[in-house]
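Undergrad: need the 3D shape of this:
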Amino acid sequence: MPMTILPTPTVHTMYWDNIPSVILQKQREVFAALDVPLQQESAHRIPHGTWMNGVVERMDSDDIVIFCDIDAFPLKRSAYDMAVAHAERGAIFGLSQFSNHKKTTHTYAGPMFMAFRKRVWEQLGRPDLKSSSAYDAAEGMSALAREQGVPLVLHKPTSTLISKFALGNEGVFGIGTFYGDNDFFHLFESREPAYEQLLVAVADDAIAQRPLQFAQYLEAAIALQQGTPLVKKKRRWWRRLLG
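TA: Numbers count the residues shown, from 1 in each chain. Below is the predicted model:
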């Protein structure tokens, strides 16, 4: 009897009109290089959680739901496959996140890259993924998972180019954060044009499937923090990168 080959789950991401076009382009190029289907949806001024609710609702119970922020992506195909495998086994996979602006005390599966089977969401009571006074977007799903014994797989940050936020009592994250064994990258604050050069550099290495050039990322990040004129610094940096 022939083996059934299941379709590769699509990654869903949304963006507002204030996101630079190069961010959208580079994310598309990374996913294409990894041969992972990506659906970017324009949802200007629609809250993140409201959009996620809509995506989940239109899927079937056995579908694997995958969310990704517009300025995030896997750095290798094996990272995406790992997230899907956890979801297929009934776990909620996500990049570890913490809401510093809420009163919560636990990290949670952040939708900057998050995977779960829709049936798990249904078993949890079809939780609203919108932010609330208690939780950030999708955070309540992790809280329910802890209460009901649903496995949570949280992929922790391992390095960041510009530290900015506390990950509860577990560490820090910030602008240009890498997760796991260089499995995922999330820029954060992609609406700020100054940061796009960081994403472009990391994305180009992922697209070319070459080793990550951390020394060059750090050089650009330090220049941003020190207020070095970005145009001149960027030209020198790109000349070395492309040469």
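
Undergrad: what sits against Arg117?
TA: Neighbour list for Arg117: Ser61, Asp62, Asp63, Ile64, Val65, Ala87, Glu88, Gly90 [criterion: CB atoms under 8 Å, 6 or more residues apart in numbering]. C-beta here means a position set from N, CA and C on the backbone, and glycine is covered the same way.

Undergrad: try Leu129
TA: Here Leu129 is in contact with Gly49, Met52, Asn53, Val56, Pro111, Ala137, Ala138, Gly140, Met141 (criterion: CB under 8 Å, 6+ apart).

Undergrad: hang on, the earlier thing: buried among the contacts of Arg117? Need that as a selection in PyMOL.
TA: Here is the PyMOL selection string for the buried members of those, based on 16 or more other CB atoms under 10 Å:
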select buried, resi 63+64+65+87
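
Undergrad: hmm, Leu167 is touching His106, no?
TA: No: applying CB atoms under 8 Å as the test, Leu167 and His106 come out as separate, 10.9 Å apart.

Undergrad: now do the shared contacts for these two.
TA: Common neighbours of Leu167 and His106, counting by CB under 8 Å, 6+ apart, are Phe98.

Undergrad: ok, the two, which is more surrounded?
TA: Relative neighbour count places Leu167 above the other of Leu167 and His106, with 19 against 14, counting by other CB atoms under 10 Å.

Undergrad: hang on, the earlier thing: which one of the contacts of Arg117 is nearest Phe185?
TA: The closest of the contacts of Arg117 to Phe185 turns out to be Ala87 (CB to CB; 20.1 Å).

Undergrad: and the closest one, that one's in a helix?
TA: Yes: counting by DSSP: H, G, I helix; E, B strand; the rest coil, Ala87 is part of a helix.

Undergrad: quick check: it touching Phe113?
TA: No: using CB under 8 Å, Ala87 is not in contact with Phe113, being 11.5 Å away.

Undergrad: double-check Ala91 against Val150; I have them as touching.
TA: Yes: with contact defined as CB under 8 Å, Ala91 counts as touching Val150 (7.2 Å).

Undergrad: if I look at Asp136, how far off is Asp128?
TA: The span separating Asp136 from Asp128 equals 12 Å under the rule CB to CB, to the nearest Å.

Undergrad: er, Phe113 I mean
TA: Taking CB to CB, one finds Phe113 at 21 Å from Asp128.

Undergrad: looking at the two, which has the bigger crowd around it?
TA: A direct count of neighbours by other CB under 10 Å for Phe113 and Asp128 places Phe113 higher, at 27 against 16.

Undergrad: could you point out the helix or strand that follows the helix or strand hosting the more buried one?
TA: Using DSSP states H and E, Phe113 sits within strand 108-117. Following strand 108-117 in sequence order, the next helix or strand is helix 118-123 (DSSP H and E).
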